[in-house]
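# Sequence plus the predicted model coming up.
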Amino acid sequence: MKILNFGSINYDHVYTVPYIVRPGETLESTSVQEFIGGKGFNQSIALSRAGVPVYHAGAVGLDGGNALDALSDNGVDIGYIAKTETQTGKAIIQVSEDGQNSIILSGGANQCISIGQIDRTLENFTRGDILLLQNEISNVGYIIKKAHDIGMKVFLNPSPYHESLSDHLCKVDLLFINEVEGMQITGSNDPDLILDKISSQYPDMRIVLTLGPDGVAYRHGAQTHRHGIFKGSVIDTTAAGDTFTGHFIGAQIRGEHVTEALKQASAASSLAISASGAYPSIPTIAEVMRRVEGDW
């Protein structure tokens with residue numbers, strides 16, 4: 001079984017601010033840093049640091065060399081990443097003093113994923129392989145349909161959520177959402193109702209609903225599991241969800257029961273939010289296990 005992450009690659013410009021800027025307001029930042037990020041990039045790093053071999057497909061611009069080096073240095077296979085004349089994707093991220101963030105995306109090369117590139121990439125994967133997707137690249141619907149037709153297992157983090165994705169959710173095996181995306185999909189902000197509505201419409205789908213300080217809930221048919229958060233300092237929540245996704249999948253691939261996978265992924269997220277930046281904050285499986293065992 002192989003894992004393909006067809007996902008975004010960005011350069012993140014991170015502004016540390018006292019609080020998230022309000023409409024019409026000008027606010028002075030206390031620091032500015034640049035990191036490599038994008039949900040796809042972060043999730044590939046998280047998978048690799050969770051001990052899982054992963055292929056990353058996507059696109060960068062001529063300025064994308066540092067991002068490719070970072071993926072490769074972290075053990076990610078970059079053979080399916082295209083180089084375009086467009087700039088690599090960009091993100092402007094505000095991080096408040098309490099660790100919350102607000103993100104503005106500019107797609108760049110992420111929006112240059114062509115049907116041809118998709119077809120050429122998926123030719124190298126087969127039934128039973130895993131496809132991980134977010135919604136920061138072009139032609140996501142086509143990728144889902146093509147992978148489903150091949151017989152791949154489709155794991156989707158539908159962020160940022162667009163209504164057009166609803167046509168493809170029936171082909172998704174594992175859905176990673178937060179409360180905002182859950183409300184966008186179902187119209188409800190109650191976690192139990194979110195799970196009930198999605199599960200009733202897609203009875204075979206596994207659902208992972210992250211709930212911030214309230215932990216995480218998992219639903220598959222009549223089976224529900226929950227896990228709370230690991231307490232710790234909050235420095236920067238950027239990539240916390242991506243870290244959870246990568247480590248949850250990693251634990252499942254290693255054969256862990258879903259309850260243990262939720263525990264390990266929650267521990268990984270707690271470590272990610274205790275440090276600045278996106279991918280530099282993503283922990284290794286060894287660090288996660290130390291946290292789980294109480295040695296961190």
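It's in. Residues are numbered from 1 along each chain as shown.
# How about the residue nearest the centre of the chain, nearest residue that isn't a chain neighbour?
Centroid-nearest residue in the chain: Asp242, 3.5 Å away (criterion: CA atoms, centre = their mean). Nearest residue to Asp242 in three dimensions, chain neighbours excluded: Asn42, at 3.6 Å (CB to CB, 6 or more residues apart in numbering). All C-beta spots, glycine's among them, are computed from the backbone N, C-alpha and C.
# host element of that neighbour?
Asn42 is located in helix 39-49, with elements delineated by DSSP states H and E.
# Could you tell me which residues make contact with the residue nearest to Asp242?
Contact analysis of Asn42 by CB atoms under 8 Å, 6 or more residues apart in numbering lists Ala239, Asp242, Thr243, Gly246, Ala278, Tyr279, Ile282.
# Which of those fall within helices?
Asp242, Thr243, Gly246 (DSSP state H).
# In this structure the second one contacts Ser44, no?
No - using CB atoms under 8 Å, Thr243 makes no contact with Ser44, being 11.6 Å away.
# same for the helix or strand hosting Ala286, what does it pack against?
Remark: Ala286 resides in helix 285-292, with elements defined by DSSP H and E. Packing contacts for helix 285-292, counted by 3 or more CB pairs under 8 Å, 6 or more residues apart in numbering; DSSP states H and E, involve helix 240-253, helix 258-272.
# what about the strands in the stretch 51-200 of the chain?
Ranges of strands within the stretch 51-200 of the chain are 55-60, 77-83, 89-95, 101-106, 130-133, 153-156, 174-178, based on DSSP state E, counting those that start in this stretch.
# Lowest average confidence across those strands, which one?
Note on the strands of the stretch 51-200 of the chain: strand 101-106 shows the lowest mean pLDDT, a mean of 88.
# quick one, that strand and helix 39-49 angle?
Strand 101-106 and helix 39-49 are oriented at 120 degrees to each other (axes from the mean of the first three to the mean of the last three CA atoms, to 10 degrees).
# For stretch 282-294, report the contacting residues that lie outside it.
Applying CB under 8 Å, 6+ apart, the contact partners of stretch 282-294 are 42, 45-46, 49-51, 230, 239, 242-243, 246-247, 250, 263-264, 267-268, 270-272, 296.
# Phi and psi next, for Leu208.
Rather than Leu, residue 208 is Val. Dihedral angles of Val208 (phi, psi; degrees, to the nearest 10) stand at phi -120, psi 120.
# Kindly report the same for Met205.
Phi and psi for Met205, reported as degrees, to the nearest 10, are phi -80, psi 140.
# ok, now how distant is it from Gly58?
Applying CB to CB, to the nearest Å, the value for Met205 to Gly58 is 25 Å.
# These two: who's more crowded?
Ranked by neighbour count (other CB atoms under 10 Å), Met205 and Gly58 place Gly58 first, with 30 against 20.
# Contacts only, for that one.
6-9, 40-41, 80-82, 109-110, 113, 137.
# So among the residues you listed, which ones count as buried?
Those of these that meet the buried threshold are 6-9, 40-41, 80-82, 109-110, 113, 137, by 16 or more other CB atoms under 10 Å.
# lowest-pLDDT helix or strand in the protein?
None of the helices or strands of the chain scores lower by mean pLDDT, DSSP states H and E than strand 101-106, at a mean of 88.
# Burial check on the residue nearest to Val180 when sequence neighbours are not counted, number of neighbours?
Ranked by CB to CB, 6+ apart and with sequence neighbours excluded, the top spatial neighbour of Val180 is Tyr161, at 7.8 Å. Around Tyr161 there are 18 other residues, counting by other CB under 10 Å.
# quick one on the thing from earlier: isn't the residue nearest to the centre of the chain up against Ser44?
No - with contacts counted by CB under 8 Å, Asp242 stays clear of Ser44, the gap being 9.1 Å.
# ok, which stretches of the stretch 101-250 of the chain are helices?
Taking DSSP state H, counting those that start in this stretch as the test, the helices found in the stretch 101-250 of the chain are 115-122, 140-150, 179-186, 191-201, 240-253.
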